[in-house]
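> Coordinates for the following, if possible.
(chains A and B)
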Amino acid sequence: MKEEDIVMEFRGYPRADGSVGIRNYVLVIPGGLVASKICEFVPGTKTVMSTKEGVGFTSRDRETIARTLFGLGLNPNVYSVIVQGGSPKAGYPELRTERLAQEIAKSGKRVEVVDAVKEGGTLEAIQKGIKIARELVFEASKVRRQPFSLGKLSLGVKCGHSDPTSGMVGNPVVGYLFDRVVEAGGIAMFGETTEIIGAEHILAKRAVNRQVGQEILARVNCIEKRALSTGEDIRTMNPVPDNIAAGISTIEEKSLGAIYKAGHLPIEGVLDFAERPKKSGLYFVDSWMGIPSIFPGFAASGAQLNLFQHGGGAGAPNNHILDPSPAVVSPMLWTSANPITYAQTKGSLDFYSGTVIEGKETLEQAGERLVNLVLEIASGTLTRGETINYSEPIEIYTIDPIF
Amino acid sequence: MLSPKDNVASVMEEVLSGDDVVAQGGIETLLLRAVDKIPFGFKVATVDIRQGDPVIKYGEVIGRASNNIQKGTLVHIHNIEGARGRGDLQKNR
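From the prediction side, this is the model:
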């Protein structure tokens, strides 16, 4: 262990399963009328709004939906969970109320079930849920933050509105952070399968073994086949118009810049959306790039903190507010290396690495500054997104047709 | 230039047509004359690239030239195309 690893600490909430929360929420799942009314009434609670409830979905996709729900419940930032039952979709074996509750309870967290049928109606369920939620947030408030090493962190990253500063500086600085977290024994996740097309051979070489390398190639092949079957040039979909407006010309160029955010260490494995890694290391998550999708997916895989590496070269109005956290229980840190983006989004951007482009800092110095900021946020400093009370429905990444 | 193998360079400030550009990071430092306006972050060809030839950035193939690209020219979607995910080139659709 290097000397700096010892002093690299944050103050987090210890959990029964050995994980460490950087926030301390009570989660109510699945989303809906009962959950949203509980959350309106009781501060410190969160819920998951998703239009994908599982009705008419294949078993594989129902499992992904379930994994997302109980994964968010298992997230270290969650102190305890209320599962609301009694809805028709809970008839599917994967989505049974008891199953969701049991999966979360394995972590040692307190899980309470509120069932509208048993309670005698929706309003009665809301009433009971509020009572329980008040008790749970009170209990949660008694947990004290304690010091933990950087290696207790799990991070997710996506790059977006990418421009040439992203591949040059913004992503490599995030990559530096990822290397540090993984070296310290933590977990780091990146994804966006479309956006490694053209760079997958480089990632496959970085896999811990041949099998993982083959898996990376197979996931890309699957997505590319899907793209070919549309009959359209992928460039009309991705790179997206603002990437092109900022100077990125092809998906290959976008991908080759995007992979820098994954740092330099070996890739431990490939995860499905919302799948939990079994050990520490760097992981590729087979996922879609959309903000409301990939970030809650990382959170369901256990990420306490997400990063959005923002290019923004296509321009934005001054005082532009960047999307606050869409990951339900995990805050999001916005970084950018673009000086113009920095000026336009000052009140929303958490970290600026354009200093490297300006020659004021080395990549390592910016990376070290980012590590320190992550530790501060992990200890309770708010991200800029957390200063806004706003949440959007999440998009669970399902694969099959619906019926 | 992000790699010595590259045949394009990314400009770190806007370049106007006729400006001299110093391209560093390649095998040797190159002096080019821009024949187009090159906005911040966009790519300029550091050598002549023939139609169909690979365009290299980060030391890797980012696409191929869709027409002949003269040294000093802006390199973007008007003169390069991707080789991957080309559903539009699929037969039997």
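
> ok, now which ones touch residue A:109?
A:15, A:16, A:17, A:73, A:74, A:78, A:79, A:80, A:81 (CB atoms under 8 Å, 6 or more residues apart in numbering or on different chains). Heads up, the C-betas are built off the backbone N, CA and C, glycines and all.

> just the buried members of those?
If you count burial by 16 or more other CB atoms under 10 Å in any protein chain shown, the buried members of the contacts of residue A:109 come out as A:15, A:73, A:74, A:78, A:79, A:80, A:81.

> I'd assumed residue A:21 was in contact with the fifth one.
Yes - with contacts counted by CB atoms under 8 Å, residue A:79 reaches residue A:21, the gap being 7.1 Å.

> What's opposite residue A:281 in the beta bridge?
residue A:187 (DSSP bridges).

> Next, count neighbours for it.
18 (other CB atoms under 10 Å in any protein chain shown).

> As a check, name the ranges of all strands in the chain.
Defaulting to chain A. Using DSSP state E, the strands found in chain A span residues A:9-14, A:20-21, A:25-29, A:45-47, A:78-85, A:111-115, A:146-149, A:154-160, A:187-190, A:267-271, A:281-285, A:305-310, A:332-336, A:351-352.

> I was thinking of chain B, sorry if that wasn't clear
Counting by DSSP E, the strands of chain B are B:8-10, B:20-23, B:30-33, B:43-45, B:54-57, B:60-65, B:74-75, B:80-81.

> looking at the ones you listed, which is closest to residue A:386?
In terms of CB to CB, the element of these nearest to residue A:386 is strand B:8-10, at 34.1 Å.

> quick one, helices of the stretch 101-250 of chain A?
A:116-119, A:122-140, A:164-165, A:171-183, A:200-205, A:210-229, A:241-245 (DSSP state H, counting those that start in this stretch).

> so can I have a markdown table of these showing distance to residue A:329 and mean pLDDT?
Output for the helices of the stretch 101-250 of chain A, formatted as a markdown table (distance: least, CB to CB, whole Å; pLDDT from 0 to 100):
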| stretch | distance to residue A:329 | mean pLDDT |
| --- | --- | --- |
| helix A:116-119 | 24 | 92 |
| helix A:122-140 | 12 | 97 |
| helix A:164-165 | 30 | 92 |
| helix A:171-183 | 19 | 98 |
| helix A:200-205 | 28 | 98 |
| helix A:210-229 | 26 | 97 |
| helix A:241-245 | 29 | 95 |
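
> Let me know which of the ones you listed is tucked in deepest.
Sort the helices of the stretch 101-250 of chain A by mean neighbour count, taking mean count of other CB atoms under 10 Å in any protein chain shown, and helix A:164-165 sits at the top with a mean of 30.

> how about the residues of the stretch 251-400 of chain A near chain B?
A:251, A:252, A:253, A:256, A:257, A:313, A:340, A:357 (CB under 8 Å from any CB of the partner chain).

> ok, which of the contacts of residue A:109 also contact chain B?
Okay, of these, nothing touches chain B (CB under 8 Å from any CB).

> Which single one of the residues you listed is nearest to residue A:100?
Closest to residue A:100, out of all of these and judged by CB to CB, is residue A:73, at 7.3 Å.

> thought the closest one was touching residue A:67?
No - Residue A:73 is beyond contact range of residue A:67, at 10.7 Å (criterion: CB under 8 Å).

> shaky segments in the chain?
Using chain A here. A:1-7, A:88 (pLDDT under 70).

> if you could check chain B rather than the one you did, that'd help
B:92-93.

> Close to chain A: what parts of it are there?
Within chain B, the residues that sit near chain A (CB under 8 Å from any CB) are B:2, B:10, B:12, B:39-43, B:55, B:57-58, B:60-63, B:75-77, B:80-90, B:93.

> ok, the nearest residue to residue A:10 once chain neighbours are set aside - contacts?
Closest residue to residue A:10 apart from its sequence neighbours, by CB to CB, 6 or more residues apart in numbering or on different chains: residue A:378 at 3.7 Å. Residues counted as contacts of residue A:378 (CB under 8 Å, 6+ apart) are A:10, A:11, A:12, A:22, A:153, A:304, A:305.

> Out of those, give me the two with the largest separation.
Top of the distance list for the contacts of residue A:378 (CB to CB): A:11 and A:305, 13.9 Å.

> Name the residue in those two with the higher neighbour count.
Between residue A:11 and residue A:305, residue A:305 has the larger neighbour count (other CB under 10 Å), namely 25 against 16.

> if I pick that one, what's in contact with it?
Taking CB under 8 Å, 6+ apart, one finds A:22, A:153, A:154, A:155, A:156, A:330, A:331, A:332, A:333, A:374, A:377, A:378 in contact with residue A:305.

> rerun that using 10 Å as the cut-off
Neighbouring residues of residue A:305 by CB atoms under 10 Å, 6 or more residues apart in numbering or on different chains: A:22-23, A:77, A:153-157, A:181, A:298-299, A:325, A:327, A:330-333, A:374, A:377-378, A:383.

> In the sheet, which residues pair with it? Tell me.
Residue A:305 forms beta bridges with residue A:155, as assigned by DSSP bridges.

> right, and residue A:228 touches residue A:197 too?
No - using CB atoms under 10 Å, residue A:228 is not in contact with residue A:197, being 11.2 Å away.

> hey, what's in contact with both of the two?
A:234, B:84, B:85.

> can you list these in CSV and add distance to residue A:321 and neighbour count?
Below are the shared contacts of residue A:228 and residue A:197 laid out as CSV (distance: CB to CB, whole Å; neighbours: other CB atoms under 10 Å in any protein chain shown):
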residue, distance to residue A:321, neighbour count
A:234, 30, 24
B:84, 35, 21
B:85, 33, 27
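
> Of the residues you listed, just say which sits nearest to residue A:206.
residue B:84 (19.6 Å).

> Please name the nearest non-neighbouring residue to residue A:235.
Excluding the flanking residues, the one nearest residue A:235 by CB to CB, 6+ apart is residue B:82, at 5.4 Å.

> Tell me if I'm right that the one you found and residue A:244 touch.
No - judged on CB under 10 Å, residue B:82 makes no contact with residue A:244 at a distance of 11.3 Å.

> any residues in contact with both of these two?
Residues touching both residue B:82 and residue A:244 (CB under 10 Å, 6+ apart) are A:235, A:250, A:254.

> Would you enumerate the residues in contact with residue A:299?
A:48, A:68, A:71-72, A:74-78, A:154, A:156, A:274, A:305-306, A:325-332, A:394.

> quick revisit: how far away is the residue nearest to residue A:10 from chain B?
32 Å (CB to the nearest CB, to the nearest Å).

> cool, residue A:391 as well?
33 Å.

> residue contacts, residue 86?
Went with chain A since none was named. Taking CB under 10 Å, 6+ apart, one finds A:34, A:97, A:113, A:114, A:115, A:116, A:117, A:118, A:119, A:121, A:122, A:125 in contact with residue A:86.

> not quite, I wanted chain B
Shown in contact with residue B:86 (CB under 10 Å, 6+ apart): A:224, A:227, A:228, A:231, A:232, A:233, A:234, A:235, A:251.

> Could you identify the most distant pair in these?
A:231 and A:251 (16.3 Å).

> Name the residue in these two with the higher neighbour count.
More neighbours surround residue A:251 than the other of residue A:231 and residue A:251, with 31 against 12 (other CB under 10 Å).

> correct me, but the more buried one touches residue A:200?
No - applying CB under 10 Å as the test, residue A:251 and residue A:200 come out as separate, 11.4 Å apart.

> what touches both of these two?
With CB under 10 Å, 6+ apart as the test, residue A:251 and residue A:200 both reach A:224, B:84.

> so how far is chain B from residue A:141?
When CB to the nearest CB is applied, the distance between residue A:141 and chain B equals 47 Å.
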